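In: attaching a predicted model along with its sequence, questions to come.
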Amino acid sequence: MRKISFSAREKRKEVLAKLEKFGLELYEQLEKGMFPSITMPSRSTDNIYYSPELRQYVLGDKKVRRSASNIRHLRPFAQLVWMAFFTHELTQNQKTSTLRDVFYSAQAYDISFQDQDESDNIITDLETILGCTREDFNVFPEESSAVFGDLTIEYTIPNYEGKRLNLTSHPDGVMIGPALTSAEFIETSADKVIAIEKGGLFTRFIEERVHERFNAILVFLRGQAPRSTRYFIRRLNQELGLPVYIFTDADPWGMHIAMVIISGSANAAHIRELTTPDAKWAGVWASDIINYKLPSDKLEDIDIKRLHELMRDPRYKEELWQREINVFMKIQKKCELEAFSRYGLTHVVDKYLPQRLKELED
Amino acid sequence: MADQAFQEISPADFFYRNKEIAGFANPVRAIFSAIRELMENSLDATEPLGILPDIYIRLSFIDDNEDENLFVLRVEDNGSGIPADYVPLAFCQFLFSSKYKLKQSRGTFGLGGTMTILYGQITTNRPVKVISSTGAPKIYEYTLMIDIERNRPIILDRKIYDNSDRWHGTIVEISLEGDYSKAMPKILEYLKQTAIVNPYANITFVDPRGRLYKFERTVLTLPPPPKETLPHPHGVDVEMVYRIIRVTKCRTLLDFMQEHFHRVGKRIAQRFLDFAGFPEDADPRRLKPEEIVRLVQAMRNFNEFLPPDANCLSPLGEEILKAGIMKELEPEFVAVTQRKPSAYSGHPFIVEVGIAYGGKVPSGEDIVLYRFANKIPLVYDESGDVSWKIVKSINWRKYGLMPGMPFAVLVHICSTKVPWKTVGKEMIADRPEVSREILNGIRDVARQLGIYLSRKERVKREKARLSVFAKYLPKIAEFSTRLAGKEKMPDINEILRRARRLEED
């Protein structure tokens, strides 16, 4: 068992300080009788670059300036300042809010958003300015995934502060929500993380005691992983030093679920600390369809189109990805995680998983 | 060959057989035309003589008849009145008129009034009652019918009353067949538009169901009365020259030209006769028919006659037109223009144009056009009129306008001879001289409206702009203050003041 240092409280203080500094800058400009303005990195597509060093998309040097003297900026400017104020309140009081909640909360302050897209976009602006994620200032999306395994955490949220929980306590797994995301990691016996795209296999793994047999923390991604889950996986990797293995369907969409965890998305180019560059796509590979004689479906036009896109994507330049993309193209087949059930319910755990983990560890 | 094939018919008989010429083709149109004709006679008996018109029109069902198609129409005015001896002829003989001179008036030959009486007579077989006084001590009341075959009035009764109040005016009461319910929209439209171009008139109309429509006078000034004028040499034909020769006292063509034609002086007369190849001292009464034809042709072709003078015209003037539009349309904006006098074929004319926007101006799917000729609204056959053609050809977007917006165009043409397209007198013909003036007039007022609209739009935008600053700057101040943990809000009034002066981005 390893003891891990606290980090969530530090993070909270840092975020509050950043928000206050932002407010103070605007306040001082107003005091001087100036139209307040802010400068932030541009998030337009021509300012998004892939950084091979960081192995993720980053923003370039282009900046945009928002000024209250520009009539077209005024409304988003006011929305942004309110957003900073509101999230500061949230973070200070250790309350959380969903994206939807934020959209509605604005109305109480006579700040209007046309729709949730508009408020989501302002939240992204705030992330860009502060250089941290919305989860850092306690705003979460609705969707959530789950985790199961021998990891003891300690809550930092009000009313639960100091309470501890072992993540094997609930056989369905524990939801990766705001409380868990902000929890401190106390101790674990696990030596790896296995992330799974689909709920069926996640449950199978728990039933087959994969967490014990393979010393693993199991994470259910629920398709494309939400940012809080990606952040959680990163913490498991960075804070606990655990290698991460990702299992998805064998098709271009499954590959990309793994890739976004590893290298992030262009949409989140303004945020660091969301990616887990050392995580590995553990399957199901196109070559597994042949080697394990898995039941498969024919690739559809849209799958093929997507494969062509991925082939040119800078994140996919490494050998494994290129190789598997080529196999997909060659065999024109895809298959789902559940396909292993053809050989009996336990086959995937008994045969495939140990073989693959061994391959990757070597 | 039978005698009757060559039988002469009287003018009354002719109009009896051709009712549609004067607008009495059917019961709907007939009731409209009856009101229109009598009202226009009343206006012509007042305004040109310097009298502010008070006109009262009552249409009612014939008492003893349940048939809803038979009406009594009574029109009263405070006009100059008709001398007692002339009443029978003026009302009951065709082509008897006080209007055989050249000056602008609503009717031309007094045909309309007599036609109305004739129509009433043939549909109801009832006489017309005319009460009139010139302000003399007596008031005369005639009960008349028309002898259609002989074109003569038949006096059925004549009464004389004392006129101690020195009342002057005319009251005409006829019975007629008509279809009021179908004609009503046009009649009301006609009255409203009449009120637009006659804002100095009080017009009252009581309809058969007892509904009262009042159009009240809002100006006390009348348009300048038209002066009588001589015919312009460009505008005469052989027949007219014949008639003039028959009555002239001139013994030489040089005198003849100066005496009987508009704006012909000695020098121009000399140059013209030289051009036409007639000796100056030729006796006009001795001209042979073919010489008269040659003279008239030369008049048409001689280019040095002065253009006709417009003082025989009586345009409304910009003030009165504007007042009329304000009164009946209550617009948010109005622009009017009076074009300079011009002439076509020797007939002088003046075009007046107005445009009204917003307020109670109706907005239709198409552009709303009000047409007037010699202060008479034209409410039928719009699509055949030259103004309609011009209105449709204009690119309204250029002025920030499009069909469907609440704006109305008014075109008034006044002339000693309105260029009618047909005998129905509802459409103006497309004469290049006339249409050019209409087009330029419309452009002029449309430009003024365009400027108004763009200024209004600019003010609106500026207001909206300032309201954005006023709404959001305090929010930015409030939340940044709270975020920074400060107690006191910064003073943003100075910034708001500067926002007012900022150029638009």
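Out: Now that the structure is in, tell me what you want to look at. Numbering: from 1, shown residues only, chains lettered A, B, ... in the order given.

In: next helix or strand past the longest helix along chain B?
Out: Across chain B, the longest stretch assigned as helix under DSSP state H is helix B:432-483. Sequence order places helix B:493-501 as the next helix or strand after helix B:432-483, per DSSP states H and E.

In: and that next one, average pLDDT?
Out: Helix B:493-501 carries an average pLDDT of 82.

In: likewise for stretch B:424-431?
Out: Mean predicted lDDT for stretch B:424-431 stands at 88.

In: residues in contact with the residue in chain A that chain B sits nearest to?
Out: In chain A, the residue that lies nearest chain B is A:Gly23 (2.6 Å; C-beta to the nearest C-beta). For the C-beta atoms, the positions are set from N, CA and C on the backbone; glycine is no exception. Shown in contact with A:Gly23 (C-beta atoms under 8 Å, 6 or more residues apart in numbering or on different chains): A:81, A:84-85, A:88, B:479-485.

In: take the residues you listed and lay them out in CSV including pLDDT, neighbour count and distance to B:Gln104.
Out: Converted to CSV, these look like this (pLDDT from 0 to 100; neighbours: other C-beta atoms under 10 Å in any protein chain shown; distance: C-beta to C-beta, whole Å):
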residue, pLDDT, neighbour count, distance to B:Gln104
A:Val81, 96, 29, 72
A:Ala84, 95, 26, 77
A:Phe85, 95, 23, 76
A:His88, 95, 23, 81
B:Phe479, 94, 25, 73
B:Ser480, 94, 27, 74
B:Thr481, 94, 22, 75
B:Arg482, 94, 19, 77
B:Leu483, 93, 25, 78
B:Ala484, 92, 21, 80
B:Gly485, 91, 11, 83
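
In: now these in CSV, with distance to B:Leu306?
Out: Formatted as CSV, the contacts of A:Gly23 follow (distance: C-beta to C-beta, whole Å):
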residue, distance to B:Leu306
A:Val81, 78
A:Ala84, 83
A:Phe85, 83
A:His88, 88
B:Phe479, 79
B:Ser480, 79
B:Thr481, 81
B:Arg482, 84
B:Leu483, 84
B:Ala484, 85
B:Gly485, 90
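
In: quick revisit: the residue of chain A closest to chain B in helix, strand or coil?
Out: On the three-state scheme (DSSP: H, G, I helix; E, B strand; the rest coil), A:Gly23 is labelled helix.

In: show me the contacts for the nearest residue to it once chain neighbours are set aside.
Out: Leaving aside its sequence neighbours, A:Gly23 sits nearest to B:Leu483 (C-beta to C-beta, 6 or more residues apart in numbering or on different chains; 2.6 Å). Contact analysis of B:Leu483 by C-beta under 8 Å, 6+ apart lists A:19-20, A:22-24, A:26-27, A:81, A:84-85, A:88.

In: repeat for A:Pro76
Out: Shown in contact with A:Pro76 (C-beta under 8 Å, 6+ apart): A:66, A:122, A:125.

In: pull the number of nearby residues for residue 63.
Out: Here I'm looking at chain A. Other residues within reach of A:Lys63, judged by other C-beta atoms under 10 Å in any protein chain shown, total 12.

In: other chain: chain B
Out: Using other C-beta under 10 Å, B:Asp63 has 6 other residues around it.
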